[in-house]
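**Q** just coords:
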């Protein structure tokens, strides 16, 4: 409750005198993070923004990476990789964030999960062809070792690209299909 009061004060102080704001924590998120809904009324028009607020000291199963860190991950392979390309202003990205983290926790040690903010890493987002948000990239090691060693093929292979928010079960099912020989998911939600 104290965090909510401080956040309400900070938002209200940042708004002009013609604007008002209120915060509504979601009950569907984990105890360590809160999906915060901010509704601003500026000059008679309503604006809504969502973001995650929470305990930043806990280690995430799906950490944030820079473009350079992602480039290094794409060169060294020990486990498959799922990249969540997102933006802080994207509502579906923010709604999928706890689902992505939960999938990362479930598959910890089997699959690497990382998040990349496309606004902070526009060059890498361009190289990856990110056109819509959120975009999930399912990447695995190239099995053609000879071509990789000769420099004729990339180290990483894109197994699937999905634009749009997914729930945890769909993310886990896609990982099972692409990385562990599981059945192809019939429905994604």
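**A** Yes, it's here. All values reported here derive from a predicted model rather than from experimental measurement. Numbers count the residues shown, from 1 in each chain.
**Q** Next, residue 97: phi, psi?
**A** phi -50, psi -50 (degrees, to the nearest 10).
**Q** Secondary structure element holding the closest residue to residue 115 other than its chain neighbours?
**A** What sits nearest to residue 115 in space, not counting adjacent residues and going by C-beta to C-beta, 6 or more residues apart in numbering, is residue 84, at 4.6 Å. Heads up, the C-betas are built off the backbone N, CA and C, glycines and all. Secondary structure from DSSP states H and E places residue 84 in strand 81-86.
**Q** where does this structure have low pLDDT?
**A** Scanning the chain for pLDDT under 70 picks out 1-57.
**Q** returning to what we had before: now the residue nearest to residue 115: how far from residue 125?
**A** When distance is defined by C-beta to C-beta, to the nearest Å, residue 84 is 12 Å away from residue 125.
**Q** list the helices and strands the strand holding residue 84 packs on?
**A** In terms of contacts (3 or more C-beta pairs under 8 Å, 6 or more residues apart in numbering; DSSP states H and E), strand 81-86 is packed against helix 67-75, helix 91-106, strand 112-117, strand 135-141.
**Q** can we see that at 7 Å?
**A** Applying 3 or more C-beta pairs under 7 Å, 6 or more residues apart in numbering; DSSP states H and E, we find strand 81-86 packed against strand 112-117, strand 135-141.
**Q** so can I have JSON lines of those showing distance to residue 177 and mean neighbour count?
**A** Converted to JSON lines, the helices and strands packed on strand 81-86 look like this (distance: least, C-beta to C-beta, whole Å; neighbours: other C-beta atoms under 10 Å):
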{"stretch": "strand 112-117", "distance to residue 177": "16", "mean neighbour count": "21"}
{"stretch": "strand 135-141", "distance to residue 177": "9", "mean neighbour count": "21"}
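**Q** Any chance of a markdown table for these, columns distance to residue 189?
**A** As requested, those are arranged in a markdown table below (distance: least, C-beta to C-beta, whole Å):
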| stretch | distance to residue 189 |
| --- | --- |
| strand 112-117 | 19 |
| strand 135-141 | 14 |
